[in-house]
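Novice: predicted structure and sequence below. I'll ask about it afterward.
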Amino acid sequence: MDSCTEGSAVSSRRAVVSGAAGFIGSHLCDRLLDGGYEVVALDNLLTGSRANLEHLAGRPGFVMLEQDVCAPVTVEGPLDCVLHFASPASPVDFPAIPIEIVKVGTLGTHNMLGLALAKGARFLLASTSEVYGDPLVHPQPESYYGNVNPIGPRSCYDEAKRCAEAFTMAYHRAHGLETRILRIFNTYGPRMRLDDGRVIPNYFSQALRGEPLTVYGEGTQTRSLCYVDDLVAGALAVLDGPDPLPFNVGSQDEVTMLELARIVKRVVGSASEIQFRPLPEDDPKQRRPDTSRAREVLGWSPRTSLEDGLRRTLEYFRSAL
């Protein structure tokens with residue numbers, strides 16, 4: 001199959017994006033439409049928001065369908081690409097809707113793979129750094145099998161995504177389907193949920209309201225934060241990439257949670273205090289991808305510095321709050 005996002009007439013390029021009303025999915029729709037694609041957006045709005053796609057209403061080539069991909073999915077007409085980004089991904093969702101998370105990673109992935117197979121379309125799975133669990137190898141290369149607690153509070157998400165990768169490779173091997181796997185590391189930017197529960201919405205919301213910034217444990221745990229525009233560029237590079245094996249996409253700029261709290265305070269200009277709380281169970285202590293494979297094979301690397309990305313994100317949170 002030819003490159004999915006290059007080389008053909010605009011009118012012949014058509015993609016389905018599941019989870020399209022989510023934070024990353026909505027930015028992905030923007031980029032595909034800007035690249036001349038027709039986009040069929042699917043979302044059941046469990047955690048996604050129509051507001052993330054309001055600016056695309058009425059735009060030629062864009063259709064939004066309220067659809068739960070855990071049920072059979074039918075899309076009329078030809079498709080070139082199926083991009084499966086549907087899944088609640090916030091830690092606050094894990095105890096609240098664990099069954100829905102398991103289902104979208106398993107049944108939802110199966111249904112979207114079936115759609116891609118029926119249409120002869122290339123399939124891109126949005127997987128996650130959570131497949132590595134609380135890693136014993138640092139940074140994490142794609143060859144690392146992970147350290148995951150299969151019955152822990154995060155397992156509904158971790159294991160669903162691991163199963164999604166297994167489903168994807170099974171369709172590739174059994175049916176010869178063109179498949180690609182993207183392992184997303186911590187990503188931030190405009191359109192994140194205010195109640196997301198992850199560190200960037202927490203810190204920005206608290207700093208803008210003048211509340212204490214909550215740092216868990218001693219704040220020594222690390223994350224590597226990638227701005228959403230860079231992540232989407234990486235996702236499309238994986239989609240057009242040459243092989244079905246996973247690619248890590250994320251930032252190399254590792255920062256402790258305590259350092260990040262101080263940076264956010266500076267960017268916001270906030271006088272908020274920093275407040276320490278107990279570390280959640282199974283919270284990974286370190287998280288940084290080895291992205292040498294994406295750099296060498298795809299020519300991708302992030303371009304946005306942490307402070308630049310945080311300043312762009314600040315404007316969104318100011319208006320959202």
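Specialist: Nice, I can see it. Numbering: from 1, shown residues only.
Novice: can you list the strands that the helix or strand bottoming out on mean pLDDT in the chain pairs with?
Specialist: Sorted by mean pLDDT, DSSP states H and E, the helices and strands of the chain end with strand 222-224, the least confident at a mean of 92. Sheet pairing of strand 222-224 (DSSP bridges) gives strand 254-256 (antiparallel).
Novice: what about the partner strand, average pLDDT?
Specialist: Strand 254-256 shows a mean pLDDT of 94.
Novice: please apply the same query to stretch 45-65.
Specialist: Per-residue pLDDT over stretch 45-65 has a mean of 97.
Novice: can I get that stretch in CSV? Just the C-alpha atoms.
Specialist: Extracted C-alpha coordinates of stretch 45-65, given in CSV (Å, rounded to 0.1, in the frame of the first residue of the first chain):
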residue,chain,number,x,y,z
LEU,A,45,-18.6,11.2,24.0
LEU,A,46,-18.0,9.2,27.2
THR,A,47,-14.9,11.4,27.9
GLY,A,48,-14.6,13.2,24.6
SER,A,49,-16.2,16.6,24.0
ARG,A,50,-18.1,18.0,21.1
ALA,A,51,-16.5,21.3,21.9
ASN,A,52,-13.2,19.9,20.7
LEU,A,53,-14.7,19.6,17.2
GLU,A,54,-17.0,22.6,17.1
HIS,A,55,-14.6,24.5,14.9
LEU,A,56,-14.8,21.8,12.3
ALA,A,57,-18.6,21.9,12.0
GLY,A,58,-19.6,22.5,8.4
ARG,A,59,-16.1,22.1,7.1
PRO,A,60,-16.1,20.3,3.8
GLY,A,61,-14.9,16.7,4.1
PHE,A,62,-15.6,16.4,7.8
VAL,A,63,-18.4,14.2,9.3
MET,A,64,-18.9,13.5,13.0
LEU,A,65,-20.8,10.4,14.0
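Novice: what's the separation between the residue of the chain positioned farthest from its centre and P212?
Specialist: The outermost residue of the chain, judged against the average C-alpha position, is A271 (31.5 Å), by Cα atoms, centre = their mean. Separation of A271 from P212 (Cβ to Cβ, to the nearest Å) stands at 11 Å. Quick note: C-beta positions are derived from backbone N, CA and C, even for glycine.
Novice: repeat for D229
Specialist: As judged by Cβ to Cβ, D229 and P212 stand 31 Å apart.
Novice: between these two, which one's more packed in?
Specialist: Ranked by neighbour count (other Cβ atoms under 10 Å), D229 and P212 place D229 first, with 19 against 15.
Novice: what strand or helix carries that one?
Specialist: Per DSSP states H and E: D229 is located in helix 228-239.
Novice: what's that helix packed up against?
Specialist: When contacts are defined as 3 or more Cβ pairs under 8 Å, 6 or more residues apart in numbering; DSSP states H and E, helix 228-239 sits against helix 23-34, strand 81-84, strand 122-128, strand 179-184, strand 187-188, strand 247-249.
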